[in-house]
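Build me a model from this:
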Amino acid sequence: MNTIRISLKIDKIPVPAFGVPIPKRINPIIIILTGNKLWIKGEIYYRSFQETFCKRSLERSNRILMRRIIDFVERLSEEMDAKICFKLDVDAEGYNLPDISSYTIITSVISSSLVGDEIDPIDLQKSLIVIDRSLNIYSDYIEASRFAFAMRRNIAFRRGEETVDLGNDLLINKVNVRRHVKISGVEEDLLEGEIGDLLTKLVGYYILKIIRLLREKPDNLENMIHHKIKILKKFWEILYNIHSRKYDYIYDEWRGVALSEMIFNKDLNRERQNVK
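As a prediction, this is how the structure comes out:
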């Protein structure tokens with residue numbers, strides 16, 4: 001048995017901060033690196049398939065995320081022709097991260113620990129996307145998060161197009177998921193014909209507006225982005241009948257929508273001034 005002990009602090013967590021998923025449609029997504037931190041400690045070990053016992057545990061993780069990580073590692077084991085086991089503790093310092101972010105990071109850490117630094121980070125993520133798809137995970141949001149994590153950059157992603165580098169400024173200090181809301185299917189009337197085309201174009205238009213703001217970096221950047229977020233929330237309400245004045249919406253793949261607090265730099269500065 002070969003054992004790899006790890007103790008890592010991952011900063012600049014990729015979060016799919018801006019995007020509205022529309023079934024059967026392709027639209028841009030913006031992944032933002034946040035100031036959250038994720039500590040991953042424990043052991044990863046691999047043994048021959050002939051050995052029966054293999055512990056796979058992820059402390060401080062919800063069941064859905066843990067099941068997805070285990071499924072990924074089982075498929076990775078098949079690809080590497082070795083039984084990969086792990087016992088990891090994952091600590092987000094009291095914050096709740098979107099499952100998409102945690103899944104991206106944990107599967108990346110496990111995989112890179114096994115293959116070392118021999119593979120380019122982007123090439124590694126491309127290989128991990130192949131494994132995702134073999135598990136029937138065809139998610140633009142996860143693919144985009146993987147590339148942002150490998151590049152350590154804020155990015156705009158649209159399937160079939162070149163990834164757009166939006167720099168590495170820390171726009172969002174913290175993201176904290178408060179609760180999840182399951183989303184049901186969108187009414188067909190909203191997806192078909194001219195209405196579907198119009199909704200897709202409008203969502204894409206406001207995402208492109210945010211991309212432009214992130215590139216130009218005006219002095220009132222945060223206020224302007226907050227305005228665009230309010231508009232994007234209207235599309236969530238139209239498509240998925242979700243209503244929350246207090247929280248922002250982050251698509252979170254297996255658990256629907258993460259109702260979240262996104263603390264921007266300007267917001268944090270204001271909080272500090274209030275404390276003083």
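
Where do the strands of the stretch 151-276 of the chain begin and end?
Using DSSP state E, counting those that start in this stretch, the strands of the stretch 151-276 of the chain run over residues 155-157, 164-165, 172-181, 248-251, 257-264.

in the longest one, what counts as buried?
Going back to what we said before, that points to strand 172-181. Buried residues in strand 172-181, counted by 16 or more other C-beta atoms under 10 Å: 172-177, 180-181. No exception for glycine: its C-beta is placed from N, CA and C like everyone else's.

And that strand, how far out from the chain middle?
Averaging C-alpha coordinates over strand 172-181 and over its chain gives two centres that are 12 Å apart (C-alpha atoms, centre = their mean, to the nearest Å).

Packing partners of that strand?
With contacts defined as 3 or more C-beta pairs under 8 Å, 6 or more residues apart in numbering; DSSP states H and E, the secondary structure elements packing on strand 172-181 are strand 2-18, strand 29-47, strand 257-264, helix 265-275.

which residues of the stretch 1-150 of the chain fall in helices?
With DSSP state H, counting those that start in this stretch, the ranges of helices along the stretch 1-150 of the chain come out as 63-80, 99-115, 121-134, 140-151.

before we move on, the earlier item: nearest to residue 196, of the strands of the stretch 151-276 of the chain?
Distances from residue 196 to each of the strands of the stretch 151-276 of the chain were compared by C-beta to C-beta, and the smallest falls on strand 248-251, at 18.3 Å.

returning to what we had before: closest to residue 91 out of the helices and strands packed on strand 172-181?
Among the helices and strands packed on strand 172-181, strand 29-47 sits nearest to residue 91 (C-beta to C-beta), with 4.2 Å.

From the buried residues of strand 172-181, pick the one nearest residue 103.
Distances from residue 103 to the buried residues of strand 172-181, taken as C-beta to C-beta, are shortest for residue 177 (13.4 Å).
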